[in-house]
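Asker: Structure, please.
(one chain, ligands or ions: 2)
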Amino acid sequence: MKHCLIGIDVGLTAAKAAAFDENGRELRTVSAANPRVAVAADRQEIDMAALWEVVAGVLSDLTAWLDAEGWTVRGVGATGHGNGLYLVDDALRPVRPAFASTDSRSERIVAGLDAEEVERVRRVTGSVPWAGQPGVLLRWLQDNEPDTLARARWALSCKDWIVACLTATASADYSDASACGVVNLAERTYEPAVFDLLGLPRTLRSLLPPLSRSDEVVGRVTGPAASLTGLPEGTPVVAGCMDCIASPIGAGSTAPGDVTVIVGTWAINSVVVPADSEPPRVTLNALLPDPRYMLAQEVAPTSAASVEWFSSLMSSVAVDAVSPRDLLHAASTVPAGAEGLLFLPFVHGAPEHLGASGTLLGVKDKHGYREIARAVAEGITQYHRVQLDKVRVSGANVSSEPWTLAGGGAKNPFWAQMFADIIGHPVRRQLGTELGARGVASLAAAGVGIDTASWRVDPDPALVVSPGEERAVYRVQADRFDRTLAAMGAVWTEAAR
Ligand SMILES: Nc1ncnc2c1ncn2[C@@H]1O[C@H](COP(=O)(O)OP(=O)(O)O)[C@@H](O)[C@H]1O
Ligand SMILES: O=C(CO)[C@H](O)[C@@H](O)COP(=O)(O)O
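Answerer: Ligands and ions are numbered 1, 2, ... in the order given. So this is what the prediction gives:
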């Protein structure tokens with residue numbers, strides 16, 4: 001019999017499901033756009049039932065193909081965007097729409113926290129508070145929707161919601177929970193001091209589901225889920241992990257010092273560090289499935305989010321839809337430096353600046369769509385550079401080997417070259433494979449007892465892109481970018497008053 005594993009990856013933009021044979025060879029991938037509602041500029045919410053419908057649809061397309069080709073599914077794992085908040089009641093029904101991790105309504109709660117307390121908690125959890133974290137959102141609910149909070153039984157992450165839909169079980173795993181800043185990294189338990197810091201009663205800890213290893217089977221596909229997805233009833237489902245963890249696993253970038261840069265809705269810039277060391281000074285540190293290591297990450301909603309914004313804007317006025325690929329193609333027809341245009345990619349704000357917004361600087365009448373497209377791509381990449389510089393000085397050991405590029409944007413060869421030029425370091429681009437789905441499918445394989453040695457990835461030197469001749473232009477731009485960023489801080493602070 002031909003056995004396969006399924007990995008589900010629910011990002012903020014798209015849901016993907018991919019099947020792999022027992023040796024880790026990709027058989028097929030299906031994807032679809034996720035529902036997202038911008039209730040207001042700072043309120044990003046997700047209809048949880050609609051999200052499950054999209055995921056069930058993607059799974060049912062995939063299983064129809066697998067059935068026709070004679071494959072039997074042995075195990076399933078899910079990964080998804082981290083943070084945000086998916087609240088359900090006792091019967092695992094949503095009590096309100098989920099908060100996306102790009103929701104910034106709680107910026108002021110974060111700005112009002114005591115700096116010394118924040119630092120004390122950071123040393124223990126490896127995370128600093130920011131607006132899209134579940135704890136901060138629980139505080140917002142306590143202040144603004146206490147009735148909703150009273151109806152909630154479980155506070156789930158995105159992938160936990162999908163696991164709950166598949167298995168009728170509430171679960172959590174160490175990677176996602178630690179990335180949410182609620183776990184004591186040394187003790188691997190939920191940390192009560194986080195609740196004290198946020199002004200929440202410690203009793204709310206009971207909202208957090210029991211913690212499992214990412215490759216632990218936490219439930220089996222129920223009858224109703226089987227009929228919606230085409231998965232066989234009883235198929236084992238593992239706890240899974242956060243998407244920023246699944247991608248490095250899928251790419252084989254899991255040795256100490258390995259760097260992965262994810263160009264998804266979010267900019268994720270991460271490095272593998274020993275789990276028993278002092279957590280490096282970055283936005284968050286998340287425990288890896290291998291208990292010896294964690295992933296130090298500098299993160300912000302500042303990557304393909306701006307490409308999505310600009311391509312949606314162009315699509316609303318153009319005859320035909322303008323895809324991210326079209327946008328990057330238009331950018332490639334303009335010289336490096338975008339004819340002097342500079343873009344700060346903060347359409348969903350920025351963690352370190354209260355009130356930050358997307359900013360286009362230097363507009364002249366000669367500038368049009370193509371120059372703005374180039375400025376958007378360059379600005380996103382310049383901010384990745386800023387974040388990677390923070391990772392370098394965070395106390396983490398960073399490898400000098402090529403860094404792995406992942407996420408939707410990494411498929412674009414033009415953008416990959418821009419990354420190498422702007423960050424001044426060779427990067428390894430990815431062809432085709434959905435790395436997040438692959439990573440979590442390998443955890444499902446391990447969970448059902450399959451030896452995953454053959455899933456190991458040997459880095460392909462042919463995919464390495466080195467800094468080229470445009471590096472010099474980007475160095476000058478980097479200086480202007482950093483000075484603009486510093487100067488805008490005061491403007492944003494003033495605007496947020
Ligand atoms: N060929 C491409 N060129 C540039 N950007 C792309 C391309 N394909 C996808 N993207 C961008 O990648 C993003 C999707 O990446 P993905 O990692 O799947 O995000 P998420 O996990 O947030 O859903 C989209 O926002 C899109 O803008
Ligand atoms: O928690 C997060 C960062 O700490 C984000 O939600 C991230 O997981 C989004 O991933 P993306 O949807 O961009 O792939």
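Asker: what's near enough to touch the nearest residue to residue 221 once chain neighbours are set aside?
Answerer: Residue nearest to residue 221 in three dimensions, not counting chain neighbours: residue 235, with 4.4 Å by Cβ to Cβ, 6 or more residues apart in numbering. Bear in mind the C-beta positions are built from the backbone N, C-alpha and C, glycine included. Residues counted as contacts of residue 235 (Cβ atoms under 8 Å, 6 or more residues apart in numbering) are 73, 74, 75, 76, 220, 221, 226.
Asker: Which of those sits closest to ligand 1?
Answerer: Taking Cβ to the nearest ligand atom as the measure, ligand 1 lies nearest residue 76 of the contacts of residue 235, at 18.6 Å.
Asker: Tell me the first helix or strand C-terminal of the helix or strand where residue 16 lies.
Answerer: In this structure, residue 16 sits in strand 14-21 according to DSSP states H and E. Going down the chain from strand 14-21, the next helix or strand is strand 26-33, by DSSP H and E.
Asker: Just the mean pLDDT for that following strand, thanks.
Answerer: Mean per-residue pLDDT for strand 26-33: 97.
Asker: Could you spell out the sheet neighbours of it, each with its direction?
Answerer: Strand 26-33 has the following sheet partners, assigned by DSSP bridges: strand 14-21 (antiparallel).
Asker: picking that back up, pLDDT averaged over the strand holding residue 16, what's the number?
Answerer: The average pLDDT within strand 14-21 is 97.
Asker: what comes up buried for that strand?
Answerer: Judged by neighbour count using 16 or more other Cβ atoms under 10 Å, the buried positions of strand 14-21 are 14, 15, 16, 17, 18, 19, 20.
Asker: Also stretch 74-91?
Answerer: By neighbour count with 16+ other Cβ under 10 Å, stretch 74-91 contains the buried residues 74-88.
Asker: picking up where we left off before, for residue 386, state which of the buried residues of strand 14-21 is nearest.
Answerer: Nearest to residue 386 out of those is residue 14 (Cβ to Cβ; 26.3 Å).
Asker: Just give me the neighbour total for residue 226.
Answerer: Residue 226 is surrounded by 17 other residues when neighbours are defined as other Cβ atoms under 10 Å.
Asker: Need the three-state assignment for it.
Answerer: The three-state label given to residue 226 by DSSP: H, G, I helix; E, B strand; the rest coil is helix.
Asker: one step back: how far away is the residue nearest to residue 221 from residue 241?
Answerer: Taking Cβ to Cβ, to the nearest Å as the criterion, residue 235 is separated from residue 241 by 19 Å.
Asker: Please apply the same query to residue 462.
Answerer: Counting by Cβ to Cβ, the separation of residue 462 from residue 241 is 29 Å.
Asker: So those two - more neighbours on which side?
Answerer: Set side by side, residue 462 and residue 241 show unequal neighbour counts under other Cβ under 10 Å, the larger going to residue 241 at 32 against 8.
Asker: Could you verify my assumption that the more buried one touches residue 179?
Answerer: No: in this structure, residue 241 sits apart from residue 179 without contact. The criterion is Cβ atoms under 8 Å, and the distance is 9.1 Å.
Asker: Give the bridge partners for residue 79, please.
Answerer: With DSSP bridges as the criterion, the beta-bridge partners of residue 79 are residue 9, residue 241.
Asker: contacting residues around it?
Answerer: Contacts of residue 79 were listed using Cβ under 8 Å, 6+ apart, and they are 7-10, 159, 240-243, 245-246, 436-437, 439-440.
Asker: Of those residues, which ones also sit close to ligand 2?
Answerer: Among these, the residues within reach of ligand 2 (Cβ under 6 Å from any ligand atom) are 242, 243.
Asker: what about residue 142, neighbour count?
Answerer: Neighbours around residue 142, by other Cβ under 10 Å: 17.
Asker: ok, it - contacts?
Answerer: Contacts for residue 142 (Cβ under 8 Å, 6+ apart) come out as 149, 199, 200.
Asker: cool, residue 291 as well?
Answerer: residue 275.
Asker: Does it fall in a helix, a strand, or a coil region?
Answerer: The local conformation at residue 291, judged by three-state DSSP, is coil.
Asker: isn't there a strand covering residue 257?
Answerer: No: residue assignment for residue 257, taken from three-state DSSP, gives coil, which places it outside any strand.
Asker: hang on, it packs against residue 280?
Answerer: No: the pair residue 257 and residue 280 fails to qualify as a contact (Cβ under 8 Å) at a distance of 11.9 Å.
Asker: and those two? which has more neighbours close in?
Answerer: Each of residue 257 and residue 280 has its neighbours counted (other Cβ under 10 Å); residue 280 has more, 21 against 14.
Asker: mind listing what that one touches?
Answerer: Neighbours of residue 280 in contact, by Cβ under 8 Å, 6+ apart: 271, 273, 296, 391, 394, 395, 396.
Asker: Is the first one in a helix, a strand, or coil?
Answerer: Meaning residue 271. For residue 271, the secondary structure call by three-state DSSP comes out as strand.
Asker: try the fifth one
Answerer: Secondary structure assignment for residue 394 (three-state DSSP): coil.
Asker: And the pLDDT at it?
Answerer: 96.
Asker: Over to the first one?
Answerer: According to the predicted model, the pLDDT of residue 271 comes to 98.
Asker: what do you get for the fourth one?
Answerer: Per-residue pLDDT puts residue 391 at 98.
Asker: Helix or strand: which one has it?
Answerer: Counting by DSSP H and E, residue 391 is part of helix 369-392.
Asker: follow-up on the earlier one: mutual contacts of residue 257 and residue 280, please.
Answerer: Residues within reach of residue 257 and of residue 280 at once, by Cβ under 8 Å, 6+ apart, are residue 271.
Asker: for the record, mean pLDDT for stretch 398-412?
Answerer: 94.
Asker: how near is whichever residue of the stretch 101-250 of the chain sits closest to ligand 2 to residue 358?
Answerer: Here the stretch 101-250 of the chain gets closest to ligand 2 at one residue, residue 101, 3.2 Å apart by Cβ to the nearest ligand atom. Noted for residue 101: a distance of 18 Å to residue 358, by Cβ to Cβ.
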